[in-house]
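> no sequence on this one, just coordinates:
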């Protein structure tokens, strides 16, 4: 369910354009090479285009879908020019995103659908999970929400320390226990504290382990059970954070986590440092779970609500570099 009304202003658009620069430069240069010297779209152009899409980490399944659609157009129109290919490709990519579950119709300012709205954040270590939590906390706070953090990744001291730094930086309270504590106990204390404080939004970090899927499933199930003792509908969201710069590895992580727990939304981070931003298309196409946020930089304001139309527009417009 969409929570917030999205306000995609000029500043956000400029941030998105700049953050996707590496992806669009690599992506469009490969497309240019695919059609070089050709006046019409033929089999060779389609083969080259397929290579360009896969190298941008759009993924095999998504690439096949795009190529098949273009092949149908070519067969229908017979003499399709390469100059029309960009517009057609842009249209097909946007169609893929439109077909995916919607996540771009919200803003942090809207009223939350439940009090003590609990978001459980999952993902492997190193994907930017804790940083994403910090940036979400900052956005909710700026929007006038009372926010509480829960440090339930108790297997790494660094995880608790990092989340504590974010709580201080953003100016929101945190619930934590010593390293090695039961994560479910931290989640329970966080929910209790949220109720007593009448908190609007609760963001709970979890351990980023994936080597034992059964253990991960059991641990997250236990966290859910103890949360529901305090807030019966909790967690209201399970947000999976993925590192976009890892390309196909991010897809594999998505498969593992969606199999292990009930993921309801995704955030794709680190898109500014990679030419593999096409992985967002693969994720949107393969999983019936909305991409809600994308990270396109290190600054606090570089976590954006994912807007499908604006993403495709930025991807195909090189002249917008800032």
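Thanks, I have the structure now. Because the structure is a prediction, the values reported are computed rather than measured.

> Show me which positions of the helix or strand of the chain with the lowest mean pLDDT end up buried.
Ranked by mean pLDDT, DSSP states H and E, the weakest helix or strand in the chain is helix 21-35, scoring a mean of 78. Buried residues in helix 21-35, counting neighbours by 16 or more other C-beta atoms under 10 Å, are found at 21-24, 26-28, 30-31, 34-35. To be clear about C-beta, it is placed using only N, CA and C from the backbone, and glycine gets the same treatment.

> Identify the bridge partners of the residue nearest in space to the middle of the chain.
Note on the chain: the residue nearest the mean C-alpha position is residue 267, at 2.1 Å, using C-alpha atoms, centre = their mean. Residue 267 has the following beta-bridge partners by DSSP bridges: residue 241, residue 293.

> list the contacts for it?
Neighbour list for residue 267: 132, 239-242, 291-295, 303 [criterion: C-beta atoms under 8 Å, 6 or more residues apart in numbering].

> for the stretch 101-250 of the chain, which spans come out with low pLDDT?
Applying pLDDT under 70 to the stretch 101-250 of the chain picks out residues 101-106, 210-213.

> where exactly do the strands run in it?
117-122, 147-151, 174-175, 201-205, 237-243 (DSSP state E, counting those that start in this stretch).

> deepest of those, which one?
Ranked by mean neighbour count, the strands of the stretch 101-250 of the chain are led by strand 201-205 with a mean of 28 (mean count of other C-beta atoms under 10 Å).

> That strand: partners in the sheet, and parallel or antiparallel?
By DSSP bridges, strand 201-205 pairs with strand 117-122 (parallel), strand 147-151 (parallel).

> What segments of this protein are helices?
Applying DSSP state H to the chain gives helices spanning 10-19, 21-35, 43-55, 60-77, 85-99, 129-142, 157-170, 183-197, 213-230, 248-260, 279-286, 308-315.

> I would like the residues contacting the fifth one, please.
This means helix 85-99. So helix 85-99 is contacted by 31, 35, 41, 45, 49, 62, 65-66, 69-70, 73, 80, 281, 284-285, 308-309, 311-312, 315-316 (C-beta under 8 Å, 6+ apart).

> of these, buried ones?
31, 35, 41, 45, 49, 62, 65-66, 69-70, 80, 281, 284-285, 308, 311-312, 315-316.

> and the contacts of residue 267, which two are the farthest apart?
Farthest pair in those (C-beta to C-beta) is 240 and 303. Separation: 14.9 Å.

> Please name the nearest non-neighbouring residue to residue 138.
Using C-beta to C-beta, 6 or more residues apart in numbering and skipping the chain neighbours, the partner closest in space to residue 138 is residue 170 (4.7 Å).

> Contacts only, for that neighbour.
134, 137-138, 141, 147.

> Now with 10 Å, please.
133-142, 147, 149, 300 (C-beta atoms under 10 Å, 6 or more residues apart in numbering).

> Check residue 188 too.
So residue 188 contacts 150, 152, 175, 182, 222-223, 225-227, 229-230 (C-beta under 10 Å, 6+ apart).

> For those, give me TSV that also has distance to residue 271.
Shown next, in TSV, are the contacts of residue 188 (distance: C-beta to C-beta, whole Å):
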residue	distance to residue 271
150	27
152	27
175	31
182	35
222	33
223	29
225	35
226	34
227	31
229	38
230	36
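
> Out of these, which comes closest to residue 200?
residue 150 (14.3 Å).

> tally of neighbours for the residue nearest to the closest one when sequence neighbours are not counted?
Once flanking residues are discounted, residue 150 sits nearest to residue 190: 3.2 Å by C-beta to C-beta, 6+ apart. Look at residue 190: counted by other C-beta atoms under 10 Å, it has 30 neighbours.

> One more: residue 138?
Residues near residue 138, counting by other C-beta under 10 Å: 20.

> Same question for residue 218.
Neighbour tally, residue 218, other C-beta under 10 Å: 12.

> Quick check: it vs residue 127, distance?
For residue 218, the distance to residue 127 equals 22 Å [C-beta to C-beta, to the nearest Å].
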